[in-house]
Every structure is written in structure tokens, then in C-alpha cells.
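K.L.:
Give me the fold of what follows.
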Amino acid sequence: MSSSLRIPPAPISDGIDLVAMFQSVWQQKKLLALVTLSCVLIAASYAFLATPEYKVSSVLRPAAINELDALNRSEIYQLPPSEALLRVGAALDSYDARLAFFRANPKLFEKFVRPGQTLEQSFEDFNRNSIRLILPEPEKKNLLSAYVKLEMTYPKGVDGVAILNGFVDYAIASEREKVAADLKVIVNNRLSELKGKLEAARSGYDIEKTAKIASLQEADSLRLAQLQDELRALRAQLKTLRNDRIAQLNEAIGIAKSLGIQKPTTPSSLGESGSAVAGSVMRTEINNQQTPLYFMGVDALKAELAQLRSRVSDEFTEPRIAQIAKEIQLLASNREVEVLKARKNEEIFLAGVQPLRAEMSRLSSLNIDMTKLKLVSVDQQALEPLAPASPNRPLVLLLGLLLGGVLAICIALARQAIQGGKIIAHNGKVDSISIASSDPRTEGDLSGRRSRSGNSLLAK
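P.N.:
Alright, predicted model coming up:
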């Protein structure tokens, strides 16, 4: 006869017995204390052995309006306080500016130089990890919150205050020099522009003066040529008139000779010359016709003819010739041209250049002391910190204590879970033992052994 006996497994509870868990953890209090103390010691080692790092900061705000008033009143360079703050902030954030300051102050940065690294590599590490620029949030950016903040973290043994304040002063001085250079360039360019306009005015004046002189001389030359032509024409005309008069006189002399008119007479006297007249006779003759020339008589006509033939010049007979001679003499020298050529200080005759000269004089006398120009207001300078920023020893010890306690509890729970798993596995093996025997006494012995084995495991 054979039989099989299987012991059913104990029921598993669905809930977690917190009291039993706490008791099982508390039973391992030595382990808890050991793990917690180890974490605290590790945290204390870090807190007291790690190199302390300090943090300093400097805050810049816009300068007062009166600080930039002299520069803005120059009317050639406008720099509002807000823009000046942004320019200084850009210089503080500039890689080139930081590198230049790093190179210019090697003694301040000795602790940042690592063996086997170039100067640029050491600076790159410093620039990436040690210095940071902070700007206000865009949505909160206004006149009240406008600022630029520069923070720096550094290890013990580094003069961080001197580095940060020195770099702020270096950036401000650098921007001041840039503003001074920009102002100088703008002033020089403006002066060059004004000088160019003044030279253009002078050139225009010279051209205008030369053109006016040429115009006057051309007019005089034209008038002189016209007068000379008129004079020659008048002379030719007078000569022709004299020849015509001579021809008329010759003709009249011939007629007078044929009529026997020796002395000047009249037509009526000529008609009565054959009749005897007694007494004194006065004749009056009125007619509307010109008396022929031959009535002048041969003597008078010959006398006029001789005079005409002996005449050297006919100019005295024409008044216009004297007038022409006068005008030609006046044209010999143009007084306006002489005055224009005799000008010595021609600057006073330039038109429209007075504003240019005034502006040039103002720019030349512009004297802004750039060394006293205050671009920003240093609201907070970097000060020597009273305590290191890291590590925070109380906080590190507290975190070590908390983490040690949590880690100890986790280890205790893990040990408890591992031990419980071994017990369950061992019980499973005992329960699966199969009994195959035909003797009832054997079954009883096996039952007794099983019972004793279970009690011994529970006791453990």
C-alpha cells in the first residue's frame, strides 16, 4: 500500500505589518549605526578636507544723466545711460576683454594656470567655470531693475576681490577709451567734412570770380570792337561826304562861272543885274526852296573847295567820334576787374560759409575730459566674503546624516527581505517531500520528523 502526504503552505497576508518591519529593522540597530556613522564620516571628510570656494559679486547700474551730459551736449555723440550700461555689460561678457585682462594680470591668475596647459586653455577653464554675467529678466527690464551683475567663484588662495573689481574697472576703462576714440574719429570726420564744404565754397567762389572777370573782360572786348568798327565807319562816311562836297563845289563853280557869279548873290538879284536901279534898294526874298550852291559865287566856292582839299581829318566835324574816343579810353581799364583781382582776404567774400566756420570753431574747441566720464554707477563692489560659498559644512553633515540613515534602513530592509526569501524557499522544499511507504509506522515516523523539522525552522 502506498500513500502521499503534502503539507499545505501557510497563507500569505496581503498587508504590510509596519510594527513587525520596524522591529526587524531595530533588531539591526548596530548595522544602522555603523552605516549612518560611515556616511557622516564621509560627509565630514568632504566638508573639512575639500578646498573651500568663495563667491563674490559686483553690481553695476546706469549712471546719472548729468554724468553723460557733457558728452551728449556735444551734439555729435549720443550715449544714454541705459546704452552705456549695456556697452559695459557687453565688455564684461566679452571673451576678448576677459582674455586681455587675464593676460595683463598673470600674478592674479597664477592659481588658475594648470601645468601642461597653454594660457588660452587655462583661461578657457576659468572663463567657463569661474565667472558669470547676470542680466535682469526681459519681462522685468525697466529703469528700476536695470542692472548688470558679475559673479565669480574661486578657490582659497586666490584674490577674487582684486580680480573681480580689477576686471570691472578694466572693462569700464576699456569702454571709456572706445567712446573717446569714437568721439575723436567722429569729430575728425566732421571737421574733414566741414573743411571739404569750405574748400568747395572757396572753389566755387574762385570759379565765380574768374567767370565774372572773364565776363567783364569779354564785354569790354566786345564793346571796344563795336566802338572801333563804328569809328572806322564814321571816318569812311566823313571822307565820302567830303569827296561828295568837293564834287558839288566843282560843279557849282562851273555853273557860277558860266553865269558870271563872282560874289554870292540871290536869284532875284541875278535877274535884275542888267537893269539900273536908282537909290538904295532893300530886297527881301521868301521861298521854300533851297538856294542852289552856285549862287555862292566863284570866289566863295573856290575858297571852300581849297579848304576841303587841304583838310587832313574830318573827325572834328562829327561829335560822335569824340564820344567814341571817350568810351574807348574808358574801356582801356576795367576798374571792377582790377578790384576783383586786387582782393587780398577773399575769405570774407565767401557766401554761406559762416555756419561752417562757426561749427568748425566749436568742434575745434570741444574739450570733453574723457578721464572723468562716468559710464556706469558701481552699485556694489566685490567685498571679501566672510565664509566660503562651498562646501557648506553644516548642510553637508546634515545631508550625510540623512542619507546615511536612509541608506542604513534600506540595507536593513534588504537583509530582512533576503532572509525571509531563504526561509520561504526552504519551507517549500520540505512541503514537497513525497511519502511512499506501506508501513503505517513509517508514516508516523515521517510525520514526527516533519513536525520536528518545522518547529526547529520556526525556532530559528
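
K.L.:
Which of the three states applies to the spatially closest residue to residue 61 that is not a sequence neighbour?
P.N.:
Sequence neighbours aside, residue 379 is the residue nearest to residue 61 in space, at 4.5 Å (criterion: C-beta to C-beta, 6 or more residues apart in numbering). C-beta: built from backbone N, CA, C; applies to glycine. At residue 379, secondary structure determined by DSSP: H, G, I helix; E, B strand; the rest coil is strand.

K.L.:
how about residue 379, what does it touch?
P.N.:
59, 60, 61, 147 (C-beta atoms under 8 Å, 6 or more residues apart in numbering).

K.L.:
where's the dip in pLDDT among those?
P.N.:
Among those, residue 147 carries the weakest pLDDT, at 88.

K.L.:
and the residue nearest to that residue when sequence neighbours are not counted, bridged to which residues?
P.N.:
Spatial nearest neighbour of residue 147, chain neighbours left out: residue 61 (5.1 Å); criterion: C-beta to C-beta, 6+ apart. Listed beta-bridge partners, residue 61: residue 377 (assigned using DSSP bridges).

K.L.:
any idea how far residue 173 is from residue 61?
P.N.:
18 Å (C-beta to C-beta, to the nearest Å).

K.L.:
who has more neighbours, the two?
P.N.:
residue 61 (19 against 13; other C-beta atoms under 10 Å).

K.L.:
these two touch, right, that one and residue 88?
P.N.:
No. In this structure residue 61 lies outside contact range of residue 88 using C-beta atoms under 8 Å: 10.5 Å.

K.L.:
what sits in contact with each of the two?
P.N.:
Shared contacts of residue 61 and residue 88 (C-beta under 8 Å, 6+ apart): 148, 376.

K.L.:
circling back to that earlier point, how close does the residue nearest to residue 61 sit to residue 385?
P.N.:
18 Å.

K.L.:
Could you do residue 165 as well?
P.N.:
From residue 165 to residue 385 the distance is 13 Å (C-beta to C-beta).

K.L.:
Then residue 183?
P.N.:
Residue 183 sits at a distance of 39 Å from residue 385 (criterion: C-beta to C-beta).

K.L.:
in the helix or strand hosting residue 71, what's buried?
P.N.:
Here residue 71, judged by DSSP states H and E, is contained in helix 69-72. For helix 69-72, burial by neighbour count (16 or more other C-beta atoms under 10 Å) applies to residue 71.

K.L.:
just to revisit the earlier point, tabulate the contacts of residue 379 (a markdown table), appending distance to residue 404.
P.N.:
Below are these laid out as a markdown table (distance: C-beta to C-beta, whole Å):
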| residue | distance to residue 404 |
| --- | --- |
| 59 | 40 |
| 60 | 45 |
| 61 | 47 |
| 147 | 43 |
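
K.L.:
quick one: which of those is most hemmed in?
P.N.:
residue 60 (25 neighbours).

K.L.:
Test my guess that that one contacts residue 135.
P.N.:
No. Assessed by C-beta under 8 Å, residue 60 is found out of contact with residue 135, at 10.8 Å.

K.L.:
ok so, going back, which residues are contacting the helix holding residue 71?
P.N.:
Contacts of helix 69-72 (C-beta under 8 Å, 6+ apart): 77, 78, 79, 80, 179, 183, 368, 369, 373.

K.L.:
got a list of what the second one touches?
P.N.:
It refers to residue 78. Counted by C-beta under 8 Å, 6+ apart, residue 78 has contacts residue 72.

K.L.:
Could you do residue 112 as well?
P.N.:
122, 123, 125, 126, 130, 158.

K.L.:
could you redo the last one with a cut-off of 10 Å?
P.N.:
102, 122, 123, 125, 126, 127, 129, 130, 154, 155, 158, 163 (C-beta atoms under 10 Å, 6 or more residues apart in numbering).

K.L.:
For the closest residue to the last one other than its chain neighbours, grab the count of nearby residues.
P.N.:
Distance criterion C-beta to C-beta, 6+ apart; nearest residue to residue 163, sequence neighbours excluded, is residue 108 at 5.1 Å. One way to gauge burial is a neighbour count; for residue 108, by other C-beta under 10 Å, it gives 17.

K.L.:
Help me confirm that residue 108 is found in a helix?
P.N.:
No. According to three-state DSSP, residue 108 belongs to no helix; its state is coil.

K.L.:
Next up, phi/psi of it, please.
P.N.:
Backbone torsions for residue 108, taken as degrees, to the nearest 10, come to phi -70, psi -20.

K.L.:
That one contacts residue 160, correct?
P.N.:
Yes. Using C-beta atoms under 10 Å, residue 108 is in contact with residue 160, at 9.2 Å.

K.L.:
helix/strand/coil for residue 150?
P.N.:
Classified using three-state DSSP, residue 150 is strand.

K.L.:
circling back: any shared contact partners between residue 165 and residue 385?
P.N.:
Common neighbours of residue 165 and residue 385, using C-beta under 10 Å, 6+ apart, are residue 56.

K.L.:
what helix or strand does residue 57 sit in?
P.N.:
strand 53-62.

K.L.:
Need the residues touching each of residue 60 and residue 135.
P.N.:
89, 146, 147, 148, 149.

K.L.:
Checking the first one next. Helix, strand or coil?
P.N.:
For residue 89, the secondary structure call by three-state DSSP comes out as helix.

K.L.:
Can you give me the separation between it and residue 135?
P.N.:
In terms of C-beta to C-beta, residue 89 sits 7 Å off from residue 135.

K.L.:
same check, this time on the last one
P.N.:
Counting by C-beta to C-beta, the separation of residue 149 from residue 135 is 8 Å.

K.L.:
For these two, indicate the residue with more neighbours.
P.N.:
residue 149 (18 against 13).

K.L.:
give me every residue that touches the residue nearest the centre of the chain.
P.N.:
The chain has residue 182 as the residue nearest its centroid, 8.4 Å off, counting by C-alpha atoms, centre = their mean. By C-beta under 10 Å, 6+ apart, residue 182 lies in contact with 76, 77, 79.
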